[in-house]
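# Can you look at this prediction? I've put the sequence above it.
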There are 2 protein chains.
Amino acid sequence: MSWILEESDFDPNRITTNGNKFMIGNGAMGYRGTLEEFTKEQLTACTLAGLYDKVGDQWREPINAPNGLSTILICNGEKLSLLTTPYESHRQSLNIRNATFQRQTVFTAPGGNKIEVKSQRFVSMEQLNLIVMKVEITSSEDCELIVQTGIDGDVWDINGPHLENYETTERDGIIGLSTVTHELRQPVTIAEAIAWDGYVEQGYIDNSTSIYRGISIACEAGKTYGFTKYVAISFDSSNEQQSLDDVYSLVHKASKESYSIHLGRHEQHWERKWELSDVVIEGDDDAQFALRYSMYQLHIIAPTKSEKVSIPARGLSGQVYKGAVFWDTEMFMLPFFLYSQPDVARNLVMYRVHTLDGARRKAAEYGFRGAYYAWESQDTGDDACTLFNITDVFTDRPMRTYFRDKQVHISADAAHGIWQYYEFTGDKSVLFDGGAEVILECARFFYSYAYYKEDKQRYEVLDVTGPDEYHERVNNNAFTNALVGQTLEIALQTLELLETEHPEIYEDLIRRLDFKQDKENMIRMYGKLYMPQPDPNTLVIEQFDGYSKLEDIELKQLKSKILNKNEYLGGGNGLATTTQILKQADVVLMLHLFKSRYSHEVKKANWEYYEPRTEHGSSLSSCIYALVASDIGYADWAYNYFLRTATIDLTGESKQYVGTLYIGGTHPAANGGAWMAAILGFAGVHLNRGVVILNPSLPERWQSIAFSIHVSGQKFQITVSDTEAHIRSDEVNALEQSFRLGLQTIKLEPGSSHTFQYVGKGNGDELAG
Amino acid sequence: MSWILEESDFDPNRITTNGNKFMIGNGAMGYRGTLEEFTKEQLTACTLAGLYDKVGDQWREPINAPNGLSTILICNGEKLSLLTTPYESHRQSLNIRNATFQRQTVFTAPGGNKIEVKSQRFVSMEQLNLIVMKVEITSSEDCELIVQTGIDGDVWDINGPHLENYETTERDGIIGLSTVTHELRQPVTIAEAIAWDGYVEQGYIDNSTSIYRGISIACEAGKTYGFTKYVAISFDSSNEQQSLDDVYSLVHKASKESYSIHLGRHEQHWERKWELSDVVIEGDDDAQFALRYSMYQLHIIAPTKSEKVSIPARGLSGQVYKGAVFWDTEMFMLPFFLYSQPDVARNLVMYRVHTLDGARRKAAEYGFRGAYYAWESQDTGDDACTLFNITDVFTDRPMRTYFRDKQVHISADAAHGIWQYYEFTGDKSVLFDGGAEVILECARFFYSYAYYKEDKQRYEVLDVTGPDEYHERVNNNAFTNALVGQTLEIALQTLELLETEHPEIYEDLIRRLDFKQDKENMIRMYGKLYMPQPDPNTLVIEQFDGYSKLEDIELKQLKSKILNKNEYLGGGNGLATTTQILKQADVVLMLHLFKSRYSHEVKKANWEYYEPRTEHGSSLSSCIYALVASDIGYADWAYNYFLRTATIDLTGESKQYVGTLYIGGTHPAANGGAWMAAILGFAGVHLNRGVVILNPSLPERWQSIAFSIHVSGQKFQITVSDTEAHIRSDEVNALEQSFRLGLQTIKLEPGSSHTFQYVGKGNGDELAG
């Protein structure tokens, strides 16, 4: 099976798409899949994780660093660029196994000689602020070649410029650029060292925001000339000089070792990643590649060492969506990391601990107690979401939307993530290190937010927006109420755990948070929280109060009313708002999250009801329909929805621009959704009260799927085919673990294995023995 | 002082406006101020009170009866019509003292002779289904004149046709037309008899939906020929033949007596009306006429004999606004009737008793208990308001609005009206006859509607629309909460009154309504209902939760953003919705209704805050700003707002059409508002716990204002000047009554009088002695 993604020609129309598709990164930096001669016009960007900047009244967004890989070849006085120079061949490829980007171009230079340029680059997984690139050049004729390579400080920004006080430097053959951010005056410095075989350096080209070195090579026909660039970026030091010294020192040291030495260390990390996370599908090469590519996208943006950043909704593919962290992380990406790399999962959930004060500020701003997490979260946890988030295409006026004000489930999602981490790993430290406080503050927020309906003797959650954002400000959204209930439950369990096992921590927390009365409130509210139930006749759970009274229009008919292809279907007067058409999985997402709570019949009835009414206006939708389709045995439906999810960043067919505003980028939630659809859906893996449940329902053409999972710090290898499921407990494990398939439950000792056997395709209900 | 409204020329562009302006009526029927030769094209209509019809999917609306006054003169073969015939002069006038309409036209007939046509008509206040019209014709030359006069069955309808099964009849010289309504098959019959001096009747012109008689007159030059038409309409009989017999018999009998005999009886009623209600202003003839005209408009549409109809928002001026009854009646018209004609006031409030079941159905439809009155109420009390009440001018799509769903204050308005009637008259029968039940069911609705906020230990009223309809679905609208509180208070007072004085009625009601638990609920809720309070610094009361955070834009600036003059400022994306600009008095209306509850400073602060932010997009707004301006001593402001209100149907400057849809008509709420601005505002009359309070603040040019009021069945004459207020208790009174002005309170014995004296213009605070 290939691990290589390749395009063997150059299409100027695909520059933006390929920037996403061929991206490399290491969780601290993302480098878009553009070519060395490209500039900001081609959306070249090295996006930094966790550093944001705001200019004037524009929205806050992440920083793109100066581009240290910028390289221009000049042959016979003309720049060689795929944008302007004739070329004989071009291919670019991405090796997702080791996260390296390659390009290979044969230019037809002025005069007719063929110049082959090969480059390879990676963002080091060993040294998180290092990028290494190797370039090789071969000319078919003797020629004089000038290489201008250095740091391009003319950065692509959506709402910039974010960097100021540019100072170029040069010292001992290393070039550098020092800047500070506009808003917080945070130093961002970059240095580049180069290693080559004694070409003639012509000096430096310094235009005060960029600095290049000029290299002159007297090429002999057929001989290959190469050099390696070592680029380091510092953006976490508070001292500008120190920051610059650091990057100088880093590239100086790095340049003492060869490209392949650095690559080797980098590859070791990637080998380990795939060992932990790889999924092997037999019988479906396309699905295999799409799934691995989805995991690749998650690996290159996951914070491996910092718990102060999480994964933005468009990863590190640029400044889109303000580089903000949404619920996407907890609900769509976290499962992948929980099962494969719990240490990364811990970083992700700890991000909510570090942004708790921002969530407290937001709650207070709206007049509530507790923690109301940002719908669009950046470094401080303050909400980056604007109140007028969409422009009305008919009037060109900003449209008031309620993403920020009303999607209260975000606080439940944050608590859910922390508790999931604890349940999967048994690692209580996350609770002691602030996780318990987050959970209690989220629960307190919901108590403060909720109302009691005396006439019906129940608590209700009013005026919210659920996942289906086309219906804003609804009452008792089933999904939201379920998650609010879960938050209360988690809070009570947290308190019970602490009180029983760590009374001193419990006492301290109760006192510090003044939570005594609120604990009573939680208990009371949890007992009487309204949970919308399946209709006795249809089994359908109403998405929110009054949903069933909305116009039951067919999606096709609704779409036929669209007057402007960019018109928003939600908001004040959107076409969907008065109908039952929903943007994305809502009730169905609830059925997935609380799968043990609902019968097969209820899941089936709701999937069938909501599926034709879902517009999938969000990339978060398809995977959920895949998951529940698997759960109810609709393998074909599940497979189609899986493919839609898993190929989203390969096809690049999602919307890239609204007017002149770039809104494209990668789709980490869909990437995580692809993994969920495969492992939680087709293999049907599910952790319930410490027992790993399997409920396989493989697509027709899949012979088997094999993968590892981590539960409670133990590692297990699982292979599922259409007749059996084989499980092996790793030799290094220390604990026994229960597994269940159908009606059979077994306990697996460390180092032992078991094979469940069952009959044919299906949802696993039909257990053989 | 003149009582005559006159236009002395004919302007085709003013036909529609004059149809409203010159309207006559008697509360059972309204007859628009059009000319005899006009047809439905000129919006000729005889609108019937309380009879509605629905055709297909169109909205339900009142019935316009066939036009029994239709009269066409033919001279030398040509029809004489102001629309087509040259004329020498034309004047039309309305005598508001006796509600008669006059026209006087001198046509230049073909051949050149001048034909003068004079007509006079009235809708009898003595015999409510009778219209009488006198026509006189004089020609300058001998000529042969044909008069075609009869019943025009080709009726103006907005959403018709509503009448079916047309049958024309003729018997003993009386012509008739029998129809049934489309929806309810309700007979609507009309008969016409004529009295003339032996002209030659040429026979009948019968086109199956209309029937005319032809009369041939050999006119001698200078001699006047006349005839009188007696038209009766029946629309409350269930039997078609009986209905027709009734109108035949009625016009037969009526035609035995002359026009002037009928007019005399009619005038006696009007004399009595003015005796009870007239207001005499010294020093301002324009204001005097506008105020009397406003009262005239109320008199011609007020139900004098039926308690099953109330006053629609556009009176009886056509089918506009579905002929529906809104809160306008209780909040803007009722005070006039309470003070002047308590028997009519009783009819108005009893309408809510007769529509209680409709209100119960609406509450149940929305999942609540109790009575939720229709925002647009017709005969059954079911809500005629549609969910998509406005068309978006940018997309031509129906726009979802929440008039019907969320203006819950309507139930409080209904209860308020009933209690006001009881408080003003002391007439408990209204409570026994169903009023108590209405009040309790409205209170129950609010309990069922409200939520308890445990975190703040208070009941809140969520998701409502207050008077300011530009801000839909808000929480804790100060006006609404105040009225909900009043409803609870009234309910508890009603229960206390019944329990103390009529225990058997009390027991029966509690048992029948199963109200025991709800009484406890009322007490609890009343004690903890959240009432938005003045801000400690600014004294401003926030219109609803979060209002103060909305954009504080200037009205002028907001208007400069309007892209289409017909665009709606409210609704989903309306320009005002995200700003502090309000449609109409909201908090300020609350300050008026609960004037004793707020200090001078609070009223002043709020009037000043909200006045520049009010767009006055409703005809209900200006009078309230006038009232509170008087209250705080802003006499000039009050006067200007008073004039805007009082002249609304004289200028006819309000919007008449939206697209091709006629939305004009008269403005009874503004008419009632003009009266309130004068009596409750300038004279400052106010009943508080049985004491009549005066707080005069006359406009600069007014020397005095004199009027009568009824309180507790007693009648008082009051004259207020800028230095004294004279009050006389009528000789026929039986009880003493307390009056207060400033700090002085006096008790007035029957037949005695008192003069309060004070210093200069002002708000009465500056009491001399």
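In hand now; what should we look at? Just so we're clear, the structure is a prediction, and the values are computed from it rather than from any experiment.
# Count the residues that sit near the residue nearest to A:Tyr641 when sequence neighbours are not counted.
Sequence neighbours aside, A:Ala626 is the residue nearest to A:Tyr641 in space, at 3.6 Å (criterion: CB to CB, 6 or more residues apart in numbering or on different chains). Glycine gets a C-beta too; all of them are placed from N, C-alpha and C. Look at A:Ala626: counted by other CB atoms under 10 Å in any protein chain shown, it has 31 neighbours.
# A:Ala626 and A:Thr645 touch, don't they?
Yes: with contact defined as CB atoms under 8 Å, A:Ala626 reaches A:Thr645; the gap is 6.5 Å.
# can you list residues touching both of the two?
A:673, A:677 (CB atoms under 8 Å, 6 or more residues apart in numbering or on different chains).
# Give the buried residues for stretch A:480-496.
Going by neighbour count (16 or more other CB atoms under 10 Å in any protein chain shown), the buried part of stretch A:480-496 is A:480-492, A:494-495.
# oh sorry, the question was meant for stretch A:225-244
For stretch A:225-244, by 16+ other CB under 10 Å, it's A:225, A:227-237, A:240, A:243-244.
# Among those, which ones are in helices?
A:240, A:243-244 (DSSP state H).
# Among those residues, pick out the one closest to chain B, please.
In terms of CB to the nearest CB, no member of these lies closer to chain B than A:Glu240, at 39.4 Å.
# for A:Val123, which residues make a bridge with it?
A:Ile131 (DSSP bridges).
# returning to what we had before: so which of the buried residues of stretch A:225-244 are also by chain B?
When CB under 8 Å from any CB of the partner chain is applied, no member of the buried residues of stretch A:225-244 is adjacent to chain B.
# What is the neighbour count of the closest residue to A:Glu554 other than its chain neighbours?
Closest residue to A:Glu554 apart from its sequence neighbours, by CB to CB, 6+ apart: A:Pro612 at 7.6 Å. Neighbour count of A:Pro612, defined by other CB under 10 Å: 11.
# Report the central residue of chain A.
By CA atoms, centre = their mean, chain A has its centre lying nearest to A:Pro668, at 3.2 Å.
# secondary structure element for the closest residue to that residue other than its chain neighbours?
Closest residue in space to A:Pro668, ignoring its immediate chain neighbours: A:Gly315 at 4.8 Å, by CB to CB, 6+ apart. Assessed by DSSP states H and E, A:Gly315 sits outside every helix and strand.
# Next, the contact list for A:Gly315, please.
A:Gly315 makes contact with A:23, A:25, A:30, A:297, A:300-301, A:665-666, A:668, according to CB under 8 Å, 6+ apart.
# and which of those residues is nearest A:Glu136?
A:Met23 (22.5 Å; CB to CB).
# Convert the helix or strand harbouring A:Ala412 to CSV, retaining C-alpha atoms only.
Applying DSSP H and E as the criterion places A:Ala412 in helix A:409-425. The C-alpha trace of helix A:409-425 is given here as CSV (Å, rounded to 0.1, in the frame of the first residue of the first chain):
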residue,chain,number,x,y,z
HIS,A,409,-23.2,23.0,24.7
ILE,A,410,-19.6,24.1,24.3
SER,A,411,-19.2,24.1,28.1
ALA,A,412,-20.6,20.5,28.2
ASP,A,413,-18.2,19.5,25.4
ALA,A,414,-15.3,20.8,27.4
ALA,A,415,-16.3,18.9,30.5
HIS,A,416,-17.1,15.8,28.4
GLY,A,417,-13.6,15.8,27.0
ILE,A,418,-12.0,15.9,30.4
TRP,A,419,-14.1,13.2,31.7
GLN,A,420,-13.6,11.1,28.6
TYR,A,421,-9.9,11.4,29.1
TYR,A,422,-10.2,10.3,32.7
GLU,A,423,-12.5,7.4,31.8
PHE,A,424,-10.2,6.1,29.0
THR,A,425,-7.0,6.4,30.9
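# And the average pLDDT for it is what?
Average pLDDT, helix A:409-425: 98.
# what is the closest residue to chain B within the stretch 351-500 of chain A paired to in the beta sheet?
Nearest to chain B, among the residues of the stretch 351-500 of chain A, is A:Tyr451, at 3.7 Å (CB to the nearest CB). For A:Tyr451, the beta-bridge partners are A:Glu460 (DSSP bridges).
# so what's whichever residue of the stretch 551-700 of chain A sits closest to chain B closest to, chain neighbours aside?
Scanning the stretch 551-700 of chain A for the residue nearest chain B gives A:Gly572, at 2.8 Å (criterion: CB to the nearest CB). In space, and not counting its chain neighbours, A:Gly572 is closest to B:Gly572: 2.8 Å by CB to CB, 6+ apart.
# try A:His162
A:His162 sits nearest to A:Asp53 (CB to CB, 6+ apart), 3.9 Å away.
# again, but for A:Gly30
Closest residue to A:Gly30 apart from its sequence neighbours, by CB to CB, 6+ apart: A:Leu316 at 2.5 Å.
# The one you found: neighbour count?
31.
# Looking at chain A, which residue reaches furthest from the middle?
The C-alpha centroid of chain A is most remote from A:Asp142, which lies 47.8 Å away (CA atoms, centre = their mean).
# Between its first and last residues, how far does stretch A:724-744 reach?
13 Å (CA to CA, to the nearest Å).
# Give me the distance between that stretch and the centre of its chain.
Remark: stretch A:724-744 is offset 30 Å from the chain centroid, using CA atoms, centre = their mean, to the nearest Å.
# which of the residues in it are buried?
Residues A:725-729, A:733, A:737, A:739-742 are the ones in stretch A:724-744 that count as buried (16+ other CB under 10 Å).
# any chance you could map the helices in the stretch 351-500 of chain A?
For the stretch 351-500 of chain A, the helices defined by DSSP state H, counting those that start in this stretch cover A:356-365, A:403-406, A:409-425, A:429-430, A:436-449, A:478-501.
# Can you add distance to B:Gln127 and give those back as CSV?
Conversion of those to CSV gives the following (distance: least, CB to CB, whole Å):
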stretch, distance to B:Gln127
helix A:356-365, 67
helix A:403-406, 60
helix A:409-425, 67
helix A:429-430, 87
helix A:436-449, 63
helix A:478-501, 62
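# my guess is the residue nearest to A:Gly30 contacts A:Ala302, does it?
No: assessed by CB under 8 Å, A:Leu316 is found out of contact with A:Ala302, at 10.0 Å.
# and for these two, which residues touch both?
A:Gly27.
# Great, nothing more from me.
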